[in-house]
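Asks: I would like to see how this sequence folds:
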Amino acid sequence: LFDRSGFRGPFQIAIAEDWSKPVAAVISSWRDVLGVPIDVIPWPTHSPPAAPWELGWIVVTGWLPGYPDPEYFLRLLLHSDSKTNLGRFKHPDYDELIERARQARDDRARLELFHKADRMAVGEQAAIIPLAYGRSMAFVKPWVKGWWEFGKTSVSFADLVVDPSSPRV
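Replies: Numbering: from 1, shown residues only. Here you go, the predicted model:
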């Protein structure tokens, strides 16, 4: 499919410095397997260019979920009406799947629709290419109460309580 596309490069990949080492192997394999030149463009994390995806660049970035639900990823990242669809992905069939999933009253049917949307976005359309799944970790002493997180720390330190009756080790 790549050969038939007529694209001869170069790929232009915008990468924040934090991602340059982990993505180096991907870039190397694309050069070797596809035989296409790749320009790596440093992408400043604090003041990125207005819209690198509109320039046709591949953008390496990360996403942390705010709550554990496929809608958080699939709708917010890729639905054409989403304000956080930074890649400007637009596919009417995808949007329809997402809307049907959002309105489904049966959990099993809802998840199956989200699975179909995920397969479409990743496997068929290559709207995103997941490279890694990370996680944060916190070590919280048993006498600290009120800590919680999912994906990213959402707790305010002002909400934490130190239980004075708990034994300290």
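Asks: quick one: low-confidence ranges for the protein?
Replies: Scanning the chain for pLDDT under 70 picks out 44-55, 135, 150-155, 168-169.
Asks: Just want the most central residue of it.
Replies: For the chain, Trp63 is the residue whose C-alpha lies nearest the centre (CA atoms, centre = their mean; 3.8 Å).
Asks: State which helix of the protein is the longest.
Replies: Using DSSP state H, we find that the single longest helix of the chain is helix 17-34.
Asks: what packs against that one?
Replies: When contacts are defined as 3 or more CB pairs under 8 Å, 6 or more residues apart in numbering; DSSP states H and E, helix 17-34 packs onto strand 11-15, strand 38-42. The way it works is simple: take the backbone N, C-alpha and C, and place the C-beta from them, glycine included.
Asks: list the contacts for Ser82?
Replies: By CB atoms under 8 Å, 6 or more residues apart in numbering, the residues touching Ser82 are Arg75, Leu76.
Asks: My error: substitute Ile129 in the last question.
Replies: Counting by CB under 8 Å, 6+ apart, Ile129 has contacts Val122.
Asks: before we move on, what SS does it have?
Replies: Of the three states, Ile129 takes coil according to DSSP: H, G, I helix; E, B strand; the rest coil.
Asks: now the helices: where do they sit in this structure?
Replies: Going by DSSP H, the chain shows helices at 2-5, 17-34, 70-78, 92-103, 107-118.
Asks: Which one of the ones you listed lies nearest to Val40?
Replies: helix 17-34 (6.7 Å; CB to CB).
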